[in-house]
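Enquirer: pasted the sequence and its predicted model underneath.
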Amino acid sequence: ARYVSISHLVPRPKKTPPTKPTPPRAHSPTSHPNTGSRGEALFVIQAVLILLVVFPAKGLSDFITTVGFFSFLAGIAIIAWSVNDLGDSLSPLAKPRENAQLVTDGAYKYTRHPMYGGLLLSCLGLGIATSNTTRVVITLALLLLLDKKATKEEGFLQEKFGDGYARYQKSVKKLIPWLY
């Protein structure tokens, strides 16, 4: 018996020389220069914060109380700045006044709802300064409410100011400058 080879009919993968892996981009999630190649710095910070929760350092609570107090004052200042910037356009309701003008400068250059942000900062600061977790939890509830109110308000503002408001929405964050 004679065998016929058919191995030449089966395609074989081409051998390619091994390539070097490309280095990660400068700001990719896997190569941030400040956190280490595997996120070591983030783990160290996490461990320190957990230890501080379990074993608070002496003097840390005084520092946190001071930060809370200054946050409270900063929030009050932001509210006053926002009220001044709005002028006659100020309304406690989500729907703007008939004679309202679109304000995009002053405090409104940094967030679309700086008055809400200032109120939240003040409430959170007061909760922290007084070491009152009830105030902090209520501030979180207020955050949810004000975020919902701001969304409703933005629908009215979009309706009233059209493309001008749409451009403003795209360029300025909602409540927290540069973040949200």
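Expert: Arrived safely.

Enquirer: do you have the strands of this structure handy? List them.
Expert: Taking DSSP state E to define them, one finds no strands in the chain.

Enquirer: which helix runs longest in it?
Expert: Scanning the chain for the helix with the most residues, using DSSP state H, yields helix 133-161.

Enquirer: buried ones in it, by neighbour count?
Expert: Within helix 133-161, the residues that count as buried by 16 or more other CB atoms under 10 Å are 135, 136, 139, 142, 143, 146, 150, 153, 154, 157, 161. For every residue, glycine as well, the C-beta is placed using N, CA and C.

Enquirer: just curious, which of these is nearest to residue 78?
Expert: The closest of these to residue 78 turns out to be residue 146 (CB to CB; 13.5 Å).

Enquirer: skip the chain neighbours and tell me the closest residue to that closest one.
Expert: With sequence-adjacent residues excluded and distances taken as CB to CB, 6 or more residues apart in numbering, residue 146 is closest to residue 116, at 4.4 Å.

Enquirer: isn't that neighbour up against residue 180?
Expert: No: between residue 116 and residue 180 there is no contact under CB atoms under 8 Å: 11.5 Å.

Enquirer: out of the two, which sits in the busier spot?
Expert: residue 116 (23 against 10; other CB atoms under 10 Å).

Enquirer: on that earlier part again, between the buried residues of helix 133-161, which sits nearest residue 104?
Expert: Nearest to residue 104 among these: residue 161, at 9.9 Å, using CB to CB.

Enquirer: per-residue pLDDT, the closest one?
Expert: pLDDT, residue 161: 94.

Enquirer: just give the nearest non-adjacent residue to it, would you?
Expert: Distances taken as CB to CB, 6+ apart put residue 102 closest to residue 161, at 4.7 Å, once the chain neighbours are dropped.

Enquirer: who touches that neighbour in this structure?
Expert: By CB atoms under 8 Å, 6 or more residues apart in numbering, the contact list for residue 102 reads 157, 160, 161, 164, 165, 168.
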